[in-house]
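[1] Let's see this in three dimensions:
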Amino acid sequence: MKSFRAELHVHTVLSPCAELEMQPPLIIAEAVQQGIQILAITDHNASANIPAVIQAAQGSSITVFPGMEVQTLEEVHCLCLFDTLEQIQAWQKIVDQSLPEIKNQPDYFGDQLIVDQNGDFLAREERLLLTSTNLTINQAWQQVTQLGGLFIPAHVDRRANGLLALLGLVPTDIPLVALEISRNLSLVDAPHQYPAISGYPLLRGGDAHQLENITGFNHFFLDQPSIQELSWALSGNNGRFLQVSD
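    Numbers count the residues shown, from 1 in each chain. Prediction:
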């Protein structure tokens with residue numbers, strides 16, 4: 001097995017709340033500088049910039065997981081991670097069918113830019129991405145799992161779009177393999193402040209909307225970088241997932 005440092009929550013300029021610096025080549029350069037080997041691109045309800053980041057990563061030691069930060073009907077943010085572009089494209093079709101037809105207002109929400117591997121402009125996503133789908137948490141988990149993906153509630157400690165603030169609990173009818181906590185919440189303090197998350201493996205996500213938030217707090221011991229390997233590492237106390245406190 002090899003050691004992999006991972007950042008599983010990164011936005012690009014497709015997310016309207018991301019800074020303009022979140023361009024594929026700059027994201028990869030920052031990840032390389034931070035010693036990160038696994039990177040998940042997780043824009044809000046969208047995936048159009050993932051191919052560009054994968055292309056930007058060619059020639060580096062970084063594996064890019066296609067992902068998404070979906071907003072469920074309950075307004076909860078959840079990370080949906082996959083191995084292949086075919087999987088994320090299938091998931092995108094489901095999300096597209098569940099999003100309301102609301103036009104983005106760039107002056108208010110921010111621009112939603114689709115770019116190439118060099119960060120050059122290709123198009124704008126006209127539909128508002130910062131909104132809820134009509135998929136419940138259970139439905140989203142089921143669809144992602146059926147596609148072979150990994151489903152992880154994001155920044156569960158946050159008031160805005162966090163699982164605990166919105167539901168007051170961790171659903172027990174979904175076999176969640178892990179939860180993500182915010183980068184500023186200590187792993188020591190987390191279960192004391194939020195007893196409901198005790199017993200779950202806790203990822204610390206950068207939720208990177210700017211380059212300095214690409215943190216890579218999570219370390220895995222894997223045979224190869226894959227969703228199945230990540231799931232195995234997170235499932236049970238097998239020593240293959242190391243929670244890093246700083």
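
[2] Just the residues contacting the lengthiest helix in the chain, thanks.
    If you go by DSSP state H, the chain has its longest helix at helix 85-98. By CB atoms under 8 Å, 6 or more residues apart in numbering, the surrounding residues in contact with helix 85-98 are 45-47, 50-51, 54, 66-68, 70, 80, 82, 133-135, 143-144, 147-149. Every C-beta, even on glycine, is put in place using the N, C-alpha and C of the backbone.

[3] If we use 7 Å, what do you get?
    Residues outside helix 85-98 that contact it (CB atoms under 7 Å, 6 or more residues apart in numbering): 45, 47, 50-51, 66, 68, 70, 80, 82, 133-135, 143-144, 147-149.

[4] Of the residues you listed, which belong to helices?
    Per DSSP H, the contacts of helix 85-98 map to helices at 50, 51, 143, 144.

[5] Give me the buried subset of the residues you listed.
    Buried members of the ones in helices among the contacts of helix 85-98, counted by 16 or more other CB atoms under 10 Å: 50, 51, 143, 144.

[6] for stretch 190-199, the distance to its chain's centre please.
    In terms of CA atoms, centre = their mean, to the nearest Å, the centre of stretch 190-199 is found 21 Å from the chain centre.

[7] For the chain, which segments are assigned as strands?
    Secondary structure of the chain (DSSP state E): strands located at 2-10, 38-41, 63-71, 77-81, 113-115, 121-124, 150-153, 179-182, 202-205, 218-222, 241-243.

[8] of these, which approaches residue 231 most closely?
    strand 150-153 (5.8 Å; CB to CB).

[9] what's the spacing between the residue lying farthest from the centre of the chain and residue 123?
    Most distant from the centre of the chain: residue 107, at 25.3 Å, with distances by CA atoms, centre = their mean. For residue 107, the distance to residue 123 equals 19 Å [CB to CB, to the nearest Å].

[10] Likewise for residue 163?
    Going from residue 163 to residue 123 by CB to CB gives 33 Å.

[11] quick one: which of these two has more around it?
    residue 163 (28 against 10; other CB atoms under 10 Å).

[12] ok, back up a step: now do the longest helix of the chain, average pLDDT.
    On average, the pLDDT along helix 85-98 is 98.

[13] Pull out the buried positions in that helix.
    87, 88, 90, 91, 92, 94, 95, 98.

[14] Repeat that for stretch 226-233.
    Using 16+ other CB under 10 Å as the test for burial, stretch 226-233 gives 227, 229, 230, 232, 233.

[15] Which member of these is positioned nearest residue 221?
    Using CB to CB, the buried residues of stretch 226-233 come closest to residue 221 at residue 233, 6.8 Å.

[16] ok, and what's touching stretch 132-151?
    45, 70-76, 78, 80-83, 87, 90-91, 94-95, 98-99, 171, 173-174, 227, 230-231.

[17] chain center to that stretch: distance?
    14 Å.

[18] likewise stretch 69-81?
    So, by CA atoms, centre = their mean, the centroid of stretch 69-81 is 9 Å from its chain's centroid.

[19] can you dump the C-alpha coordinates of that stretch into PDB?
    Extracted in PDB, the C-alpha atoms of stretch 69-81 (Å, rounded to 0.1, in the frame of the first residue of the first chain):
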ATOM      1  CA  GLU A  69     -21.400  19.000  -4.000                       C
ATOM      2  CA  VAL A  70     -25.100  18.400  -4.400                       C
ATOM      3  CA  GLN A  71     -27.700  20.400  -2.500                       C
ATOM      4  CA  THR A  72     -30.600  18.100  -1.500                       C
ATOM      5  CA  LEU A  73     -34.200  19.000  -1.000                       C
ATOM      6  CA  GLU A  74     -33.500  19.500   2.700                       C
ATOM      7  CA  GLU A  75     -30.800  22.100   1.600                       C
ATOM      8  CA  VAL A  76     -28.100  19.800   2.900                       C
ATOM      9  CA  HIS A  77     -24.800  19.800   1.000                       C
ATOM     10  CA  CYS A  78     -23.300  16.400   0.300                       C
ATOM     11  CA  LEU A  79     -20.200  15.300  -1.500                       C
ATOM     12  CA  CYS A  80     -20.700  12.800  -4.300                       C
ATOM     13  CA  LEU A  81     -17.400  11.200  -5.500                       C
END
